[in-house]
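Chemist: Mind folding the following:
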Amino acid sequence: MALNRNETTMSRPVRIEVEAAGHLGHVFASRPPGGPTAAPAVVLIHGIGASHRYLQRLHGLLADSVDTFSIDLPGFGATPRPERTLSVAEHATYILGALEQLGVLEFVIVGHSMGTQFAVEAARQQPSRIPHVVLMGPVVNDRRRTVAQQALALGRDCLFFESPSSNALVFTDYLRCGPSWYLKNLRVMMDYPIEEEIAGVRAPVLVLRGANDPVAPADWCRRLAARAATAMFLEIEGTGHVVQHNRAVQVADSILAFAGSPAAGSGAARGFTA
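Modeler: Numbering: from 1, shown residues only. Modelled structure (predicted):
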């Protein structure tokens, strides 16, 4: 089913239940106030245990300029839990199928944390539909590939580099997710070799991190960018892992500039580097 442009508004995204590849998820859709644009849509993908809620600030800013979609993947947010844990490839297939049903055939994909794995996999599965890929706080650092190391990094981030509002959003979503489902998906996340799979992405890639992020440190992000066919690396000052919530203006401007949108503003980012 194609999405009617009159069904969405900038201030309050419309939630649409979409079944694709045998699974049910939610898509939150917004259109810019000026109507249709020539720029590709932007699609936002959350990380492990999370939902669209910590992407809302970024979603709202992007929706001023381009068609914007946030997805709650099957089993996350308020979506029903699948009977089994889905692989990274299956989540990517859901994303592509759900957007195709809504008539979104070309889009910039933006993933955060584990969402970067889904973004890479979607770009590998259907490269003709995805002209740009943005990876925010990508995981898993190939030099810290144990659950204990990842948990320590996340704990440091929450204690020292996050805002109260970002912590509140993340932890309430973790509670909704539940420990059993979180741990099942954690194994999937830990086993996906994004540093190898990114080589199969044809589209230009932006690897973006908060400058204080211990989950996705600078050396890891630079090494990941170097493995892509075409990539840029960008740091945004003054924040940690949940960069899209705490520095939403800078992140939105960076995404629009990277994707070549004429609506890009001037965010306070450190700058693009190859």
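
Chemist: now the strands for the stretch 1-150 of the chain?
Modeler: With DSSP state E, counting those that start in this stretch, the ranges of strands along the stretch 1-150 of the chain come out as 14-20, 23-30, 41-45, 68-72, 107-112, 133-136.

Chemist: Please read the previous query as pertaining to the stretch 151-274 of the chain.
Modeler: Using DSSP E, counting those that start in this stretch, strands in the stretch 151-274 of the chain cover 205-210, 231-236, 269-273.

Chemist: where does the closest residue to A211 other than its chain neighbours land on pLDDT?
Modeler: Residue nearest to A211 in three dimensions, not counting chain neighbours: E235, with 4.5 Å by Cβ to Cβ, 6 or more residues apart in numbering. All C-beta atoms are positioned from the backbone trio N, CA, C, and that covers glycine. Looking at E235, its pLDDT reads 98.

Chemist: ok, E235 - how many residues close by?
Modeler: 21 (other Cβ atoms under 10 Å).

Chemist: what does G240 give?
Modeler: With other Cβ under 10 Å as criterion, G240 counts 26.

Chemist: quick one, phi psi at it?
Modeler: phi -110, psi -130 (degrees, to the nearest 10).

Chemist: pLDDT below threshold where in the stretch 101-250 of the chain?
Modeler: Judged against pLDDT under 70, the stretch 101-250 of the chain has no low-scoring part.

Chemist: I194: what's it in contact with?
Modeler: 116-117, 120, 138-140, 224 (Cβ atoms under 8 Å, 6 or more residues apart in numbering).

Chemist: So I45 sits against I71, correct?
Modeler: Yes. Counting by Cβ atoms under 8 Å, I45 does reach I71; the two are 5.9 Å apart.

Chemist: what sits in contact with each of these two?
Modeler: Common neighbours of I45 and I71 (Cβ under 8 Å, 6+ apart) are I95.
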